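# show me the folded form of this:
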Amino acid sequence: MHPSVKSWLKNLQRVFVALCILSACTFSNVQASLALNDGQQLILESWSLINEGYLDPTKFDQIHWKRLRQKALEKPISTSEDAYSAIENMLQPLGDPYTRLLRPEDYKAMKASNLGSEINGVGLQLGARNQDGQIVVIAPLEGSPAADAGVESGTFLLKVNGKSPQSLGLEATAARLRGPVGSQVIVEIQTPEGEDKEITLERRSVDLRPVRTRRLRNESHTIGYLRITQFSEGVPRQVKEALEELSEKEVEGLILDLRNNSGGLVSSGLAVADAFLSNKPIVETKNREGINDGIPAGAMTLYDGPMVTIVNGGTASASEILAGALQDNGRSKLIGSKTFGKGLIQSLSTLSDGSGLAVTVASYITPNGKDIQNQGIEPDRVLEMPEPLNPGTSEDRWLHDAELLIGANLDLENLEESTKELETPLTNSTPMANQ
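This next block holds a predicted model:
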């Protein structure tokens, strides 16, 4: 990873450490004057982390943030569930579905997902609309029960086992979809076309396999295909290995497939961007002080040949950082459909009882200044709908379109090189004598 990327991550870590120290000091001062039980301490711990780190502190005056803390502490808190409910009620007026409490089991599941291991569930990656909190499918995981049932990106969840996802919230909805292998969950959905359906999904173990690669051959060219379905901890290493393998096979170009990649660890997304860009800006971040910190790529790249990148409505967050950097720097054309539009960065803190707290601490914009949040990224070429449901297969029309595009670009490059060779003057030729 390039030193500038590492430096940015270290600075971010220092900020989080400072916030934790400051919140710990605040917590100690209050504890000294009040006899707080464990649940009340958890509320105060959460409030302090958000108070010191949240991206938009102007919201605090609008929602009477200090009063919300007081009201939460005044409630009778005798169980962990009481504390969790009080924290969630305190967070609701912020109107930010990504600043949220994660109960211990949900926090554990999220960390397991970020490590790139298997999960037990139906395989839906979810997001929430800021304006109304409606839960939407960013993407189904490949090979999951949801993908097998034909659930598409942009589908709205109306009910999960009879409960409204809007009332449950993002994390509780995700928790209800997980469960023991072989158990079932009834989900009411609204398709992107507006059709309401009820489907029954059987939970099973889903292998995340975030990096997949193969070689594509036709009569003219050999192309590398690299698909990244999420940015978990080990992805940069796996991408490095995949690119080295493709290089050994002497591929002439690369198709990068970011469809249905809902994001994950921003640090992993930055490291992968660093593999394709040389001394180019990757992204700018904006924190609560409004300071823009540009993050550049290093001089060394793992692959600098021709490439095309496929995106869709399931391309979100860290994968949008990568897609935006490739597009703005002229490194790769984007083809497919408009991306999801999640341009916020969350810090993830472990609370004293093993639960977690995600706090929106920054937003990001592309090198050319595009604000991704709620807007997404428009591809350079929009491909024909309906979108293929099985990316990477022989029936994938979009992948075939990508092959044709990169093949045409390679043919054009070869033609230009041949033309230059023909136009080069013969400097060492022997003069002809007049006959």
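
# in the stretch 51-200 of the chain, which spans are strands?
All strands of the stretch 51-200 of the chain, identified by DSSP state E, counting those that start in this stretch, fall at 100-102, 119-121, 124-128, 135-140, 156-160, 184-190, 196-202.

# among the ones you listed, which comes closest to Glu88?
When these are compared by CB to CB, strand 100-102 sits nearest Glu88, at 5.8 Å. The way it works is simple: take the backbone N, C-alpha and C, and place the C-beta from them, glycine included.

# need the strands of the stretch 51-200 of the chain in TSV (columns: mean neighbour count and mean pLDDT).
Listed next are those as TSV, based on neighbours: other CB atoms under 10 Å; pLDDT from 0 to 100:
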stretch	mean neighbour count	mean pLDDT
strand 100-102	24	91
strand 119-121	21	76
strand 124-128	23	81
strand 135-140	24	84
strand 156-160	19	92
strand 184-190	17	93
strand 196-202	14	93
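
# out of those, nearest to Glu416?
Of all those, strand 135-140 comes closest under CB to CB, at 38.2 Å.

# show me what the closest one is packed up against.
Counting contacts by 3 or more CB pairs under 8 Å, 6 or more residues apart in numbering; DSSP states H and E, strand 135-140 packs against strand 124-128, helix 145-148, strand 156-160.

# mind putting these in a markdown table, distance to Arg381 included?
Converted to a markdown table, the helices and strands packed on strand 135-140 look like this (distance: least, CB to CB, whole Å):
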| stretch | distance to Arg381 |
| --- | --- |
| strand 124-128 | 25 |
| helix 145-148 | 25 |
| strand 156-160 | 28 |
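
# and of the ones you listed, who's closest to Val251?
Evaluated with CB to CB, the helices and strands packed on strand 135-140 place helix 145-148 nearest to Val251, the distance being 27.8 Å.

# other SSEs contacting that closest one?
strand 135-140, strand 196-202.

# could you dump those to CSV with distance to Asn409?
Formatted as CSV, those follow (distance: least, CB to CB, whole Å):
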stretch, distance to Asn409
strand 135-140, 28
strand 196-202, 41
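
# can you say which of those strands is nearest to Ile186?
Closest to Ile186 of the helices and strands packed on helix 145-148 is strand 196-202 (CB to CB; 5.4 Å).

# any idea what the nearest residue to Lys286 once chain neighbours are set aside is bridged to?
Excluding the flanking residues, the one nearest Lys286 by CB to CB, 6 or more residues apart in numbering is Ser363, at 5.0 Å. Beta-bridge pairing for Ser363 (DSSP bridges): Lys286, Leu344.

# cool, Thr309 as well?
What pairs with Thr309, by the bridge criterion (DSSP bridges), is Leu256, Leu334.

# burial check on it, number of neighbours?
27 (other CB atoms under 10 Å).

# for it, list the residues it contacts.
Contact partners of Thr309, counting by CB atoms under 8 Å, 6 or more residues apart in numbering, are 255-258, 323, 326-327, 332-335.

# quick one on the thing from earlier: isn't the residue nearest to Lys286 up against Lys370?
No - judged on CB atoms under 8 Å, Ser363 makes no contact with Lys370 at a distance of 11.7 Å.

# could you chop the chain up by domain?
Listed by automatic domain parsing, the domain ranges of the chain are 3-102, 119-206, 211-412.

# straight-line length of the longest one, end to end?
According to CA to CA, to the nearest Å, domain 211-412 extends 30 Å from its N-terminal end residue to its C-terminal end residue.

# pLDDT averaged over that domain, what's the number?
The average pLDDT within domain 211-412 is 92.

# roughly how far out does that domain sit from the chain middle?
10 Å (CA atoms, centre = their mean, to the nearest Å).

# need the overlap of contacts for Ser363 and Lys370.
Joint contacts of Ser363 and Lys370 (CB under 8 Å, 6+ apart) do not exist.

# all strands of the stretch 201-350 of the chain, in order?
Using DSSP E, counting those that start in this stretch, the strands of the stretch 201-350 of the chain run over 204-206, 211-217, 222-228, 253-257, 281-286, 292-296, 307-311, 333-336, 344-350.

# tell me which of the ones you listed lies nearest to Leu383.
Here strand 333-336 is closest among the strands of the stretch 201-350 of the chain (CB to CB), at 5.4 Å.
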